[in-house]
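*Asks:* below are the sequence and a predicted model for it; my questions follow.
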Amino acid sequence: MRFESFSFAPEILRAISECGYQKMTPVQQQAIPAIRRGQDVLASAQTGTGKTAAFALPILQKMIDKPSETQRSNTRALILTPTRELASQIADNINDYSKHMQVSVLTIYGGVKLETQAQKIKRGVDIIVATPGRLLEHIQACNLNLSNVDFMVLDEADRMLDMGFVSDIQKVLQAVNKNSQKMLFSATFSSSVKKLANDFLDKPKLISVDKQNTTADTVSQVVYPVEQRRKRELVSELIGKKNWKQVLIFTATRDAADKLVKELNLDGIPSSVVHGEKAQGNRRRALREFKEGKVRVLVATEVAARGLDIQDLEYVVNYDLPFLAEDYVHRIGRTGRAGKSGVAISLVSREEERTLADIEKLIGKKLPRITIAGYEVGSRDLLIKHLQTRRSFAKKQNRQDNVSEQVIGERNMQGRRVKVKNSSNAKIKKSK
């Protein structure tokens, strides 16, 4: 189904065409008509399936259908997201969709002066994309009035709840116009998401286009077994020999990310890093340079696992497997988006085999393994057998040591008894 089928305004269709969109994705086909009809929506869809366009395009169309003057300290549409990166990405997309309209879009998140944002809010804005904590600060400071909001969207709702934003979200919802049209988008329908939906949606249209915790068919997944200490060498060799141009790599820690970027740059592979300790300006610059092709590799921690929308991203590498199996799905969802193909590579050490098994159980498939000559990993079964043998030997040795100590102890005791006896005999003879 094409976007022309839904009778969007010419200025929206023109922008969609300039974005390169042609056919609608399943979530767009179901969500757009429901939102156009004014229904609340509860949608679960695989990451990378075009959720932003699914709610942004019909909201923009309804703004055209029912124009309204921008009021000071007010907004017509409010979109809540869990992270600054996702807020910026959504705002960029909406600016692209509305480039031929007179629509103002503002992002609100931490790391920027409150006063600077307050000045822009007080002038009035059509669409606000915000993180919950910073938005609540503006509400409490009376910088923003949400009583006139027409459209309210919670994006990545499950992630916001996982990050502990439930209290902030509830306070924001209490301030929002009760008659506003509300939409909740989530990667999963957990019990907490369902409870939130029950509290804040009114007879929603239920949309679920993918089985939960499945990976997109457009993503090819492969595992490279490798010792932990050899991972840096292997990833550098893969990128260099295979001439990968745009690679997003996930590490478990900030320290590992910094070290990997340093080593890759020394190997002649231009790389940048994104993680929580980097200033917001540095993170945005790193992402921009990566999108523009100025660097070949972007190394990130879990902070970038959701919300990044990088057109035509071909490769995602799990340098370290995520702590939670569910996060694997979100990580590799950065590639293979909007029907395009992508490749997800996981470097797996022997210590991570159990985590890999959890991931394979979650996604319902066994991932193919490729062994690179020179990077072979010893058999896990042999390692376990070796460890069991060592433990058995240690237990046997421990038992022998205990026996030896017991024998020595008994001998020492006998020696003390003999010494005491001889001493007593000597005292008896002396008294006689």
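*Replies:* Structure's in. What do you need? Numbering: from 1, shown residues only.

*Asks:* distance of R76 from T107?
*Replies:* 16 Å (Cβ to Cβ, to the nearest Å). Heads up, the C-betas are built off the backbone N, CA and C, glycines and all.

*Asks:* same deal with Q181?
*Replies:* Taken as Cβ to Cβ, the span from Q181 to T107 is 21 Å.

*Asks:* same check on R230?
*Replies:* From R230 to T107 the distance is 41 Å (Cβ to Cβ).

*Asks:* more crowded one of these two?
*Replies:* The residue with more neighbours, out of R230 and T107, is T107; 23 against 17, by other Cβ atoms under 10 Å.

*Asks:* which helices and strands sit right next to the helix or strand hosting that one?
*Replies:* Using DSSP states H and E, T107 falls within strand 105-108. In terms of contacts (3 or more Cβ pairs under 8 Å, 6 or more residues apart in numbering; DSSP states H and E), strand 105-108 is packed against helix 84-97, helix 114-122, strand 127-130, helix 132-140.

*Asks:* how about 10 Å then?
*Replies:* strand 77-80, helix 84-97, helix 114-122, strand 127-130, helix 132-140 (3 or more Cβ pairs under 10 Å, 6 or more residues apart in numbering; DSSP states H and E).

*Asks:* give me the buried positions along the last one.
*Replies:* Going by neighbour count (16 or more other Cβ atoms under 10 Å), the buried part of helix 132-140 is P132, R134, L135, L136, E137, H138, I139.

*Asks:* tell me which of these is nearest to A197?
*Replies:* P132 (16.6 Å; Cβ to Cβ).

*Asks:* now the closest one: how far from R72?
*Replies:* 23 Å.

*Asks:* and R36, by the same measure?
*Replies:* On the measure of Cβ to Cβ, R36 and R72 end up 29 Å apart.

*Asks:* just checking, E11 touches I64?
*Replies:* Yes. Here E11 lies in contact with I64, judged by Cβ atoms under 10 Å, at a distance of 7.8 Å.

*Asks:* just say helix, strand or coil for the closest residue to L154 other than its chain neighbours.
*Replies:* Excluding the flanking residues, the one nearest L154 by Cβ to Cβ, 6 or more residues apart in numbering is L184, at 4.7 Å. The three-state label given to L184 by DSSP: H, G, I helix; E, B strand; the rest coil is strand.

*Asks:* need the contact list for L184.
*Replies:* By Cβ atoms under 10 Å, 6 or more residues apart in numbering, the contact set of L184 is 40-44, 55, 80, 152-155, 157-158, 193-194, 196-197, 200-201, 204.

*Asks:* so which of these belong to helices?
*Replies:* F55, A157, D158, V193, K194, L196, A197, F200 (DSSP state H).

*Asks:* pull up the per-residue confidence for the second one.
*Replies:* We have a pLDDT of 88 for A157.

*Asks:* the ones in helices among the contacts of L184: which two are farthest apart?
*Replies:* F55 and K194 (19.3 Å).

*Asks:* the two: which is more packed in?
*Replies:* F55 (26 against 13).

*Asks:* just to check, that one is in contact with V41?
*Replies:* Yes. Under the criterion of Cβ under 10 Å, F55 makes contact with V41 at 7.5 Å.

*Asks:* now do the shared contacts for these two.
*Replies:* V27, A31, I32, I35, V153, M183, L184, F185.

*Asks:* list just the nearest of the residues you listed to V172.
*Replies:* V153 (11.8 Å).

*Asks:* what's around the closest one, how many residues?
*Replies:* 25.

*Asks:* same question for S180.
*Replies:* Residues near S180, counting by other Cβ under 10 Å: 19.

*Asks:* phi and psi next, for it.
*Replies:* phi -70, psi 150 (degrees, to the nearest 10).

*Asks:* can you offset everything so residue one is 38?
*Replies:* Sure, I'll start counting at 38 from here, so that last one is S217.

*Asks:* right, and it touches F188 too?
*Replies:* Yes. If you go by Cβ under 10 Å, S217 and F188 touch, sitting 6.3 Å apart.

*Asks:* overlap in contacts, the two.
*Replies:* Common neighbours of S217 and F188, using Cβ under 10 Å, 6+ apart, are R113, A114, L115.

*Asks:* what would the ones in helices among the contacts of L221 look like in a markdown table with distance to L210?
*Replies:* What follows is the ones in helices among the contacts of L221, written out as a markdown table (distance: Cβ to Cβ, whole Å):
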| residue | distance to L210 |
| --- | --- |
| F92 | 17 |
| A194 | 12 |
| D195 | 16 |
| V230 | 14 |
| K231 | 16 |
| L233 | 9 |
| A234 | 12 |
| F237 | 5 |
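
*Asks:* quick one, which of those are buried?
*Replies:* Buried among those by 16+ other Cβ under 10 Å: F92, A194, D195, V230, L233, A234, F237.

*Asks:* quickly list what's touching both of E48 and I101.
*Replies:* With Cβ under 10 Å, 6+ apart, E48 and I101 have common neighbours S135, M138.

*Asks:* roughly how far is stretch 361-368 from the heart of the chain?
*Replies:* Stretch 361-368 sits 7 Å away from the centroid of its parent chain (Cα atoms, centre = their mean, to the nearest Å).

*Asks:* in that stretch, what counts as buried?
*Replies:* A362, E363, D364, Y365, V366, H367, R368.

*Asks:* repeat that for stretch 63-78.
*Replies:* 63-69, 71-73, 76-78.

*Asks:* show me which pair in the residues you listed is furthest apart.
*Replies:* So, those by Cβ to Cβ: farthest apart are P63 and D77, at 19.4 Å.

*Asks:* ok, which of the helices and strands packed on strand 142-145 comes nearest I400?
*Replies:* From the helices and strands packed on strand 142-145, taking Cβ to Cβ, the stretch that ends up closest is helix 121-134, at 23.2 Å.

*Asks:* how is this protein partitioned into domains?
*Replies:* Following automatic domain parsing, one gets these domains for the chain: 40-245, 256-415, 423-461.

*Asks:* so, low pLDDT: which residues of this protein?
*Replies:* 82-85, 247-253, 340-346, 375-376, 415-469 (pLDDT under 70).
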